[in-house]
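Chemist: Return atomic coordinates for the entry below.
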Amino acid sequence: MRTVSAVIAAAALIASAGGGFIMVRGQHQGGEAPRLALVTPAAAQANDAPIYYQDPDGKSLYSPTPKKTPDGRDYVAVRAAAEEASAPDAIPAGTADRKIKYYRNPMGLPDTSPTPKKDSMGMDYIPVYEGEDSDDGSVRLSPGKIQRTGVKSEPAARRVIHTMIRAPGTVQLDERRISVISMRAESWVQKVADVTTGARVGKGQPLMEIYSPSVASAAAEYIATITSKGTSGVAAFGRGSRQRLMNLDVPDAAIAAMEKNGIVPISIEWSAPRNGIVLERNAIEGMRAQPGDVLFRVADTSVVWALIDVAERDLGALAVGQLVVVRARSFPARTFTGTISVIYPQVNRETRTARVRIELTNPDLALLPDMYVDADIDIGSPQPVLAVPESAVLDTGSRQAVFVDKGQGRFEPRDVKLGHRGDGHVEIREGLVEGDPVVVSANFLIDAESNLKAALKGFSEAGGQP
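Modeler: As a prediction, this is how the structure comes out:
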């Protein structure tokens, strides 16, 4: 069974190269079995016998004998005359006037001959004419091979390339918009307003009432100085007393009320220093507060930060002031626009990312702290640049090249220097000019053909053959 399969595969290769086979049935000592005899196209054409059978849908499925598809359709018989007529790589007209330089192995092996010959399977060596292996490095393909392999070209043109950097991150509070309310002297909390953690407060909104012996003493001293008229040095002493109240962080509204009424208040009303949300409430009615104890913490969320982690390889394309579009995973239909304000000067050793800060306006307070976001940073140039499709570039890592279509089946490999990538295109900084047609499809097959011809040429030169 393996032998028959191997013969069928070899026969299909021979048929595609211009050879053929016919089925010869006969007797042999092991019983009846079909025998395959390889014949030349001329013999098959003289007998008008099929050289093989092919799948009716044109697939690469062959059989040396009549066969049916799984759905019951007959395989199509391919005869020698039809094979030669449909061969796309047949020698074109006019080649009779050209000089044959040498003959190469039909299976692509590094073997050439100065005279016509056959290989071990009976296949004719393929003639190579003058000009087909030019020294300019170009590759020449027949029209049939170009059509069969699907080679397509597209001119290099100028276009705007949008190169996007996408990175995840989280929303954080603006450190400059957080206020802490704490006492600067020993105090007691007399009353706390109906404000809890997470509540939104406005600037000047009462939060609590505080009694402090130090504040009461400074207030009594200040009122005594401003109500005593005619005493020498009263003005200077009054300024000192007022400054003492300010040093104790007494609100300006409370000091103004003392100056107006001339009464020493028992408790002082403390209010919110800014608009925002209450992040922390530690004040409890009747509690004793030591200097420095945090009683309230309020943050303004009208402007927030998006801290995103950008890969190390993309840091060179970032700059302060670049526009960034941020999408919150909680609001997939909305976009928030901001700018890069800070690129932190440190790379995470484990993730190889650097942190970038983006300032975002949050007018409707939809963005909340620690919310996940995704940032899109456009690092492409707004000016059109020379570009080709990414499929046109053959990248080996150390070398990038494209094939330029020179016409009449000739393709010239050309080294290029690349720039930004995006939208399926890549910028060409050196190697091409606007309008150069480059191969965008099947260029790997052309590259393989180029390597094959280079190997054949080197083998010929080393062997002293044409």
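Chemist: what's the pLDDT at Asp57?
Modeler: Asp57 is assigned 79 on the pLDDT scale.
Chemist: Same question for Gly397.
Modeler: Looking at Gly397, its pLDDT reads 77.
Chemist: and it, that one's in a strand?
Modeler: No: using DSSP: H, G, I helix; E, B strand; the rest coil, the assignment for Gly397 is coil, not a strand.
Chemist: gap between it and Thr163?
Modeler: Look at Gly397 and Thr163: by Cβ to Cβ, to the nearest Å, they are 21 Å apart. Using the backbone N, CA and C atoms, a C-beta is placed for each residue, glycine as well.
Chemist: okay, those two: which has more neighbours?
Modeler: Thr163 (19 against 5; other Cβ atoms under 10 Å).
Chemist: Report the contact partners of that one.
Modeler: The contact partners of Thr163, by Cβ atoms under 8 Å, 6 or more residues apart in numbering, come to Ala317, Asp378, Ile379, Gly380, His420, Arg421, Gly422.
Chemist: Which two among those residues are spaced furthest apart?
Modeler: Farthest apart among the contacts of Thr163 by Cβ to Cβ are Asp378 and Arg421. That separation is 13.1 Å.
Chemist: Give me the below-cutoff pLDDT ranges for the stretch 101-250 of the chain.
Modeler: Residue ranges of the stretch 101-250 of the chain with pLDDT under 70: 107-110, 130-138, 142, 229-238.
Chemist: can you give me the helices in it?
Modeler: Ranges of helices in the stretch 101-250 of the chain, per DSSP state H, counting those that start in this stretch, are 143-149, 213-227, 234-247.
Chemist: most neighbours per residue, which of those helices?
Modeler: Highest mean neighbour count among the helices of the stretch 101-250 of the chain (mean count of other Cβ atoms under 10 Å): helix 213-227, with a mean of 18.
Chemist: Counting by contacts, list what it packs against.
Modeler: Helix 213-227 is packed against helix 234-247, helix 252-261, with contacts defined by 3 or more Cβ pairs under 8 Å, 6 or more residues apart in numbering; DSSP states H and E.
Chemist: from the contacts of Thr163, which is closest to Ser228?
Modeler: Ser228 lies nearest to Asp378 out of those, by Cβ to Cβ, at 69.2 Å.
Chemist: ok, the closest one touching Ala317?
Modeler: No: taking Cβ atoms under 8 Å as the definition, Asp378 is not a contact partner of Ala317, at 10.1 Å.
Chemist: Could you confirm Gly72 falls within a strand?
Modeler: No: with three-state DSSP as the criterion, Gly72 is coil rather than part of a strand.
Chemist: hey, C-alpha coordinates of stretch 346-361 in PDB?
Modeler: Output of stretch 346-361 as PDB, limited to C-alpha atoms (Å, rounded to 0.1, in the frame of the first residue of the first chain):
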ATOM      1  CA  GLN A 346      11.500  54.400  36.700                       C
ATOM      2  CA  VAL A 347      10.800  51.100  35.000                       C
ATOM      3  CA  ASN A 348       9.300  48.200  36.800                       C
ATOM      4  CA  ARG A 349      11.900  45.500  37.000                       C
ATOM      5  CA  GLU A 350       9.400  42.600  36.800                       C
ATOM      6  CA  THR A 351       6.900  43.800  34.200                       C
ATOM      7  CA  ARG A 352       9.300  46.000  32.100                       C
ATOM      8  CA  THR A 353       6.800  48.800  32.100                       C
ATOM      9  CA  ALA A 354       6.900  52.400  33.000                       C
ATOM     10  CA  ARG A 355       4.100  54.400  34.600                       C
ATOM     11  CA  VAL A 356       2.600  57.400  32.800                       C
ATOM     12  CA  ARG A 357       0.200  59.900  34.300                       C
ATOM     13  CA  ILE A 358      -2.600  61.400  32.300                       C
ATOM     14  CA  GLU A 359      -4.800  64.200  33.600                       C
ATOM     15  CA  LEU A 360      -8.500  63.800  32.900                       C
ATOM     16  CA  THR A 361     -11.300  66.200  33.500                       C
END
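Chemist: ok, how many other residues are close to the nearest residue to Ala257 once chain neighbours are set aside?
Modeler: Nearest residue to Ala257 in three dimensions, chain neighbours excluded: Pro265, at 7.3 Å (Cβ to Cβ, 6 or more residues apart in numbering). If you count neighbours by other Cβ under 10 Å, Pro265 ends up with 17.
Chemist: What of His162?
Modeler: For His162, the count of nearby residues is 15 (other Cβ under 10 Å).
Chemist: on that earlier part again, now render the helices of the stretch 101-250 of the chain as CSV, adding distance to Pro106.
Modeler: Formatted as CSV, these follow (distance: least, Cβ to Cβ, whole Å):
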stretch, distance to Pro106
helix 143-149, 14
helix 213-227, 104
helix 234-247, 100
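Chemist: mind checking which of these is nearest Ala311?
Modeler: Here helix 143-149 is closest among those (Cβ to Cβ), at 37.4 Å.
Chemist: Now do the strands in the stretch 351-466 of the chain.
Modeler: Taking DSSP state E, counting those that start in this stretch to define them, one finds strands in the stretch 351-466 of the chain at 353-361, 372-378, 385-389, 394-395, 400-407, 410-415, 417-422, 425-430, 437-441.
Chemist: Nearest to Lys152 among those would be which one?
Modeler: Closest among these, using Cβ to Cβ: strand 437-441, at 4.0 Å.
Chemist: show me the residues around Thr369 that make contact.
Modeler: Just to correct that, residue 369 is Pro rather than Thr. Pro369 neighbours (Cβ under 8 Å, 6+ apart): Val171, Gln172, Leu173, Thr301, Val304.
Chemist: scratch that, Val440 is what I was asking about
Modeler: Lys152, Ser153, Glu154, Val388, Pro389, Ser391, Ala392.
Chemist: Help me confirm that the last one comes into contact with Val402.
Modeler: Yes: here Ala392 lies in contact with Val402, judged by Cβ under 8 Å, at a distance of 5.1 Å.
Chemist: Between these two, which contacts overlap?
Modeler: Val438, Val439, Asn443.
Chemist: Report the contact partners of the last one.
Modeler: Okay, so that is Asn443. Contacts here follow Cβ under 8 Å, 6+ apart; on that basis Asn443 touches Val151, Ser391, Ala392, Leu394, Val402, Phe403.
Chemist: What does the pLDDT read for it?
Modeler: Model confidence at Asn443, given as pLDDT, is 72.
Chemist: go on, Pro345?
Modeler: Predicted confidence (pLDDT) for Pro345: 93.
Chemist: so which strand or helix has it?
Modeler: strand 336-347 (DSSP states H and E).
Chemist: Show residues contacting that strand.
Modeler: Contacts of strand 336-347 (Cβ under 8 Å, 6+ apart): 305-306, 312, 315, 318-328, 353-362, 367, 373, 377.
Chemist: That concludes my questions; thank you for your assistance.
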